[in-house]
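Visitor: predicted model follows, preceded by the sequence.
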Amino acid sequence: MACPRKELEAERDICEAPQPPEPWSGILNAERERAPCIQPRLNSSEDCLYLNVYTPVNPAAQSTSPKAVMVWVHGGSFTSGSGNSYMYGPDFLVAEDVVVVTMNYRLGVLGFLNLNDTVAPGNMGLRDQVAALQWVKENIANFGGDPNKVTLFGESAGSASVNLIMLSPMAKGLFHRVICQSGSALANWAFRKSLRGNVEVLINSTGCNHYDPEKVVECLNKIPANEFPSMRLSTKEQENGLSRLPFVPSMDADFLPQEPLQILKHGNFNQVPFMAGINDGEGHLFAKAFPLRERSWGGDNFENFVPKDLNLPSGSAESKQVADGMKKLYFNGQEINKNNLQDFIDMTTDTEFLIPLRKSLNLQANYSKQPQYLYLMTFNGNISLKRAVGVPDLKGVCHAEELGYLWYIKLLPYQQYPQSSPEMETVNRMVTMWTNFAKTGEPTPEETELLPINWEPYTPSNPAYLIIDKELRMDRNIMKNRMDFWDDIYKKYTHSASA
């Protein structure tokens, strides 16, 4: 899949939909990985819409039955990342006899600018992902893959993207199973109904402040692509509390004609087997920034942590009541400080990851007859992205830690651990469950020495989940005391049965 041709010409259109690749004759040398899409602090390019295919079979032989296909969407806050093998080495997955596809997609302004007009309809990054799925459907058989057995999976912003693709009519029939790791369509950071505020900041800061969307796009087209990542957008809601990302998925007429919550409430989504989960210390992601923002965290600013989807006006009695309840539940009524960062991790793990995922599961269960599987990763091993990049070593499994147990990440020291170590046993267990799901729709189709457990599906009446630690075990009612609090809050303020 190649970049839209206009992006490679003098007259480019930053809002053009992804185009099919130009045909070629003879053998294409595809050994070299291409540059990531435009982003900060990396050698990146607008010529970036490429995907990588890894197969366990010789495509020329065509002597084996078609393999299950796993299509990966990378994370990175919708502003960074790529599908390249330095971070996403496919070694472990391909060894389990599946075809693996990774991709790039447009990021930041170039991926998610939305002017609520046909000249800039929004969600170009998501449309890139759908174009990659369309390419897989049409071509993956040539690489030994089964186009009728495609699992779409991703992490963080990639996970939210995958969940949003589940909700889009544009993606119908392009995938058959979904795995969401630490991100969902209902997360407050993953979607906004409108990007109007940040669009206004963008066009004013660039001098492209025209009333006509066509003139805005014409003006933005003249800005060098590498200047877009350096634009620092600041709105009032980003100054305190947890920063909301400036350019993310939003409503548009074709890809997301309704808000995700409404799509789920009406059952208008692609109903496929679904596997999802979080790590028990996702909030490490925000604790790392604490020293930089300590002055704005605590005291009168605690209301900033009230989930935005409650739609409670800041300063209202209701908002203050929820904030007081949160402070009591997580901090025993104390202010946030460096001595209770663990409590802060628990709170942000819930509000930014677990609550929206659990809500998605419960709403999907109202319509889908397909099984849903929930996991909680609590194994805090030594194959650790957290330690490799210097995140404070607090209790719990940090955001993105599970990636090192599915992908061969060149930064991590796999060679130091024998196959019998807890670290490599966890790699083998997780890779096997993920690929089992891709092949059969069940992560544990049979009990084995490696997987001596039946991972039960999650339903609202039987909220089962798998704990991934040194050993695997099933439990019920994830984070029950904390979720009971949030169930009461959401029932009171949104008339929803559960968080």
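Guide: On my side now, so go ahead.
Visitor: where's residue 148, which helix or strand?
Guide: According to DSSP states H and E, residue 148 maps onto strand 145-155.
Visitor: next one: residue 434
Guide: In this assignment (DSSP H and E), residue 434 forms part of helix 422-440.
Visitor: who's in contact with that helix?
Guide: The contact list for helix 422-440 (C-beta atoms under 8 Å, 6 or more residues apart in numbering) reads 68-70, 92-93, 95-98, 149, 151, 153, 177, 179, 273, 275, 373, 379, 381-383, 402, 405-406, 414, 417-419, 442-445, 450-451, 455, 468, 470, 472. C-beta coordinates here come from the backbone N, C-alpha and C atoms, glycine included.
Visitor: who does the strand holding residue 148 pair up with?
Guide: Using DSSP bridges, strand 145-155 pairs in its sheet with strand 67-73 (parallel), strand 177-181 (parallel).
Visitor: residue ranges in the stretch 101-250 of the chain under the pLDDT threshold?
Guide: 229-243 (pLDDT under 70).
Visitor: one more time with 50
Guide: Applying pLDDT under 50 to the stretch 101-250 of the chain picks out residues 234-241.
Visitor: quick one: the helices in it?
Guide: 108-112, 124-139, 157-167, 196-206, 213-220 (DSSP state H, counting those that start in this stretch).
Visitor: which one of those has the most crowded surroundings?
Guide: Greatest average neighbour count among the helices of the stretch 101-250 of the chain goes to helix 157-167 (a mean of 27), per mean count of other C-beta atoms under 10 Å.
Visitor: just checking, what packs against that helix?
Guide: strand 67-73, helix 124-139, strand 145-155, strand 177-181, helix 260-266 (3 or more C-beta pairs under 8 Å, 6 or more residues apart in numbering; DSSP states H and E).
Visitor: out of those, which is closest to residue 84?
Guide: strand 67-73 (11.1 Å; C-beta to C-beta).
Visitor: what's the first helix or strand after the closest one?
Guide: Remark: after strand 67-73, the chain's next helix or strand is helix 91-94, criterion DSSP H and E.
Visitor: quick one: buried residues of that next one?
Guide: 92, 93, 94 (16 or more other C-beta atoms under 10 Å).
Visitor: again with stretch 326-346
Guide: Quick answer for stretch 326-346 (16+ other C-beta under 10 Å): 326-327, 329-331, 336, 340-346.
Visitor: residue contacts, the spatially closest residue to residue 67 that is not a sequence neighbour?
Guide: Computed as C-beta to C-beta, 6 or more residues apart in numbering, the closest residue to residue 67 that is not its neighbour in sequence is residue 99, at 4.9 Å. Residues near residue 99 by C-beta under 8 Å, 6+ apart: 53, 54, 55, 56, 67, 68, 69, 70, 140, 143, 144, 145.
Visitor: what sits opposite the first one in the beta ladder?
Guide: It stands for residue 53. Under the criterion used (DSSP bridges), residue 53 bridges to residue 101.
Visitor: that one contacts residue 144, correct?
Guide: No. At 9.7 Å, residue 53 does not count as touching residue 144 under the criterion of C-beta atoms under 8 Å.
Visitor: to residue 218, which of the helices and strands packed on helix 157-167 lies closest?
Guide: With C-beta to C-beta as the measure, helix 124-139 is the member of the helices and strands packed on helix 157-167 nearest residue 218 (16.9 Å).
Visitor: tell me which stretches of the protein form strands.
Guide: Along the chain, counting by DSSP state E, strands occupy 51-54, 67-73, 99-103, 145-155, 177-181, 274-279, 372-377, 464-468, 472-476.
Visitor: in TSV: the ones you listed, plus distance to residue 423.
Guide: Below are the strands of the chain laid out as TSV (distance: least, C-beta to C-beta, whole Å):
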stretch	distance to residue 423
strand 51-54	23
strand 67-73	22
strand 99-103	22
strand 145-155	19
strand 177-181	18
strand 274-279	15
strand 372-377	13
strand 464-468	13
strand 472-476	15
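Visitor: related to what we said a few turns ago, okay, the helices of the stretch 101-250 of the chain in TSV with distance to residue 13 next?
Guide: Output for these, formatted as TSV (distance: least, C-beta to C-beta, whole Å):
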stretch	distance to residue 13
helix 108-112	11
helix 124-139	10
helix 157-167	23
helix 196-206	16
helix 213-220	7
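Visitor: nearest to residue 18, of the ones you listed?
Guide: So among those, helix 124-139 is nearest, using C-beta to C-beta, at 4.0 Å.
Visitor: check which helices and strands that closest one sits against.
Guide: Short answer (3+ C-beta pairs under 8 Å, 6+ apart): helix 124-139 packs on strand 67-73, strand 99-103, helix 108-112, strand 145-155, helix 157-167.
Visitor: out of those, which gets nearest to residue 45?
Guide: Of those, nearest to residue 45 by C-beta to C-beta is helix 108-112, at 11.1 Å.
Visitor: how close does residue 54 sit to residue 174?
Guide: According to C-beta to C-beta, to the nearest Å, residue 54 and residue 174 sit 20 Å apart.
Visitor: compare the two (neighbour count), which wins?
Guide: For the pair residue 54 and residue 174, the greater number of neighbours falls to residue 174 (22 against 18), based on other C-beta atoms under 10 Å.
Visitor: so what's that one up against?
Guide: 130, 133, 134, 136, 137, 150 are the contacts of residue 174 under C-beta under 8 Å, 6+ apart.
Visitor: residue 314: which of these is nearest?
Guide: residue 130 (36.2 Å).
Visitor: follow-up on the earlier one: to residue 279, which of the helices and strands packed on helix 124-139 lies closest?
Guide: Taking the helices and strands packed on helix 124-139 one by one with C-beta to C-beta, strand 145-155 is closest: 10.2 Å.
Visitor: which other residues reach that closest one?
Guide: 55, 66-75, 99, 133, 136-138, 140-141, 159-162, 165, 174-183, 400, 402-403, 434, 437-439.
Visitor: what do you get if the cut-off is 6 Å, keeping everything else the same?
Guide: Residues from elsewhere that reach strand 145-155, judged by C-beta atoms under 6 Å, 6 or more residues apart in numbering: 66-73, 75, 99, 137, 140-141, 161-162, 175-179, 181-182, 438.
Visitor: the buried residues of stretch 326-346 in helices, which ones?
Guide: Secondary structure from DSSP state H places 326, 327, 329, 330, 331, 341, 342, 343, 344, 345, 346 of the buried residues of stretch 326-346 in helices.
Visitor: min pLDDT across these, which one?
Guide: Ranked by pLDDT, these bottom out at residue 341 (87).
Visitor: show the average pLDDT along stretch 50-59.
Guide: For stretch 50-59, the mean pLDDT works out to 90.
Visitor: stretch 376-390 too?
Guide: Rounded mean pLDDT across stretch 376-390 is 87.
Visitor: what residues does it touch?
Guide: With C-beta under 6 Å, 6+ apart, stretch 376-390 has contacts from 279-280, 397-398, 400-402, 404, 411-412, 423, 426, 465, 467-469, 478.
Visitor: give the buried residues for that stretch.
Guide: 376, 377, 379, 380, 381, 383, 384, 385, 386.
Visitor: run the chain-centre distance for it.
Guide: 18 Å (C-alpha atoms, centre = their mean, to the nearest Å).
Visitor: same deal with stretch 41-48?
Guide: 21 Å.
Visitor: can you give me the end-to-end distance of it?
Guide: Stretch 41-48 has its terminal residues 16 Å apart, counting by C-alpha to C-alpha, to the nearest Å.
Visitor: what comes up buried for it?
Guide: Buried residues in stretch 41-48, defined by neighbour count with 16+ other C-beta under 10 Å: 44, 45, 46, 48.
Visitor: same question for stretch 30-42.
Guide: For stretch 30-42, using 16+ other C-beta under 10 Å, the buried residues are 34, 35, 36, 37, 38, 39.
Visitor: and it, end to end?
Guide: 22 Å.
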